[in-house]
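Undergrad: Provide a 3D model corresponding to the input given below.
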Amino acid sequence: MTIGVLKEPSEETRVSLLPEAVTALTKKGITVFVESGAGEKAFYNDDEYVKAGAVIKSRGEVVQSSDILLAIHPFPEAANLKTTILIGVYQPLFNVPVMQQWAKQGVITFSLDMLPRTTRAQSMDVLSSQANIAGYKAVLQAANLYGRYFPMFMTAAGSIAPAKILILGAGVAGLQAIATARRLGAVVEVFDTRPAVKEEVMSLGAKFIEVEGAADASKAGGYAVEQSTDYQQRQQQRIAESIAKADIVITTAQIPGKKAPILISEEMLQSMRKGSVIIDIAAATGGNTPVTKNNQTVLYKGVHIVGDSNLAASMPSDASKLYGKNVLNFLQLIIDKEGKLNLNWNDDLVKGCCITNNGEVVHERVK
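TA: Sure thing, here's the model as predicted:
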């Protein structure tokens with residue numbers, strides 16, 4: 001059994017496995033090929049991978065010689081693969097043509113962002129491990145851009161009021177953003193369509209904005225769901241009231257396979273005071289504002305709007321460590337104790353994140 005680790009595209013700093021994860025695999029008798037330079041942006045050089053038991057190879061050698069290829073993002077060489085297993089975060093609901101192409105080639109694709117979000121899957125939940133970092137970094141990025149203090153200060157020269165932060169979405173990223181903002185001394189309000197998160201929000205010291213009549217999101221795997229027109233109107237009114245008072249807004253709302261919902265209208269943006277900051281984590285799927293641009297900072301009438309869905313990559317070492325641990329835990333489901341491939345299609349997690357197999361797209365939602 002050979003597992004290959006590929007170097008990610010230039011804009012990505014993370015790597016699928018750090019040397020410590022490689023050690024865990026080589027102890028099982030698994031051969032690990034690592035593309036030269038794969039871990040450099042996460043602060044690990046080739047020598048450290050060699051010490052962990054890996055073999056450094058060129059990209060072409062890794063691609064052609066591996067039974068399982070680990071790559072966080074889709075990569076061009078996949079177009080020429082034959083019957084290899086790919087594991088990564090491929091956003092198959094947005095990359096349907098890519099999945100169809102891989103299926104035609106006979107590639108078996110596991111996309112870890114499609115894992116069923118059950119208790120058993122928590123140890124391999126890449127979305128949660130990376131969202132945790134994103135929520136933390138979103139607040140720090142906002143603090144850097146915001147031209148005022150976060151905490152309240154009382155000094156001989158006068159008093160400084162604390163910053164007011166509005167967080168839209170109390171998933172993993174949102175909850176971590178609350179905790180980080182509170183540690184920095186900000187006053188935090190939180191909106192979420194799921195009433196069930198109210199207790200968590202309040203336990204972190206934030207105020208929960210309630211809008212009655214939300215559609216049931218209990219079966220959406222921790223994501224938002226589409227709401228009725230009546231609910232959306234009331235939601236917009238409540239958000240508008242809070243956003244007019246907010247100094248910082250962090251938006252995290254996404255719906256799997258669909259464009260991110262617009263939660264902040266242009267009218268709301270115009271009500272914010274100059275110098276305010278919006279960090280839009282949903283930028284990759286369109287963003288929660290009408291002017292968000294992914295991987296860009298837009299200045300809209302004095303308000304900075306940062307579109308960044310890859311904040312986890314700004315902490316490459318820890319992000320790679322957590323991601324690698326998720327991958328290791330998933331590999332335990334498809335590799336037996338002797339280090340041999342064992343694809344158990346009766347396992348709901350293995351089946352649940354398999355996108356292509358036997359020459360076709362097998363995941364129902366991607367179909």
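
Undergrad: From now on I want contacts and neighbour counts done on CA atoms only, so please keep to that.
TA: Fine.

Undergrad: Endpoints of stretch 337-356, how far apart?
TA: End-to-end distance for stretch 337-356: 25 Å, by C-alpha to C-alpha, to the nearest Å.

Undergrad: what does it rub up against?
TA: With contact meaning C-alpha atoms under 8 Å, 6 or more residues apart in numbering, stretch 337-356 is reached by 1, 28-30, 92, 99-100, 102-103, 106-116, 121, 333-336, 361-363, 366.

Undergrad: which is the next helix or strand following the host helix or strand of residue 136?
TA: Using DSSP states H and E, residue 136 sits in helix 126-145. Downstream of helix 126-145, the first helix or strand assigned by DSSP H and E is strand 153-155.

Undergrad: Which residues outside that following strand are in contact with it?
TA: Contacts of strand 153-155 (C-alpha under 8 Å, 6+ apart): 159, 160, 161, 162.

Undergrad: Run a quick neighbour tally on residue 15.
TA: Neighbours of residue 15 under the rule other C-alpha atoms under 10 Å: 28.

Undergrad: If you could redo that for residue 228, that was the one I meant.
TA: Neighbour number of residue 228 under other C-alpha under 10 Å is 11.

Undergrad: Is it possible to mark the buried ones in the contacts of strand 153-155?
TA: Neighbour-count burial (16 or more other C-alpha atoms under 10 Å) is assigned, among these, to residue 162.

Undergrad: Could you list which of the contacts of strand 153-155 belong to strands?
TA: When the contacts of strand 153-155 are checked against strands (DSSP state E), the matches are 159, 160.

Undergrad: Can I get the contacts of strand 153-155 in a markdown table including pLDDT and distance to residue 7?
TA: Below are those laid out as a markdown table (pLDDT from 0 to 100; distance: C-alpha to C-alpha, whole Å):
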| residue | pLDDT | distance to residue 7 |
| --- | --- | --- |
| 159 | 93 | 50 |
| 160 | 93 | 47 |
| 161 | 94 | 46 |
| 162 | 96 | 43 |
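
Undergrad: so how many other residues sit close to residue 365?
TA: Residue 365 - counted by other C-alpha under 10 Å - has 11 other residues nearby.

Undergrad: Which stretches in the stretch 101-250 of the chain count as strands?
TA: For the stretch 101-250 of the chain, the strands defined by DSSP state E, counting those that start in this stretch cover 108-111, 153-155, 158-160, 164-168, 187-191, 207-209, 248-251.

Undergrad: so after the last one, what's the next helix or strand?
TA: The element immediately downstream of strand 248-251 (helix or strand, assigned by DSSP H and E) is helix 266-271.

Undergrad: Run the chain-centre distance for the following helix or strand past that following helix.
TA: Next in sequence after helix 266-271, counting helices and strands by DSSP H and E, comes strand 277-280. Strand 277-280 has its C-alpha centroid displaced from the chain centroid by 16 Å (C-alpha atoms, centre = their mean, to the nearest Å).

Undergrad: Same question for stretch 246-259.
TA: 12 Å.

Undergrad: do stretch 149-169 as well
TA: For stretch 149-169, the distance to the chain centre is 29 Å (C-alpha atoms, centre = their mean).

Undergrad: Before I go, just wanted to say thanks for your time.
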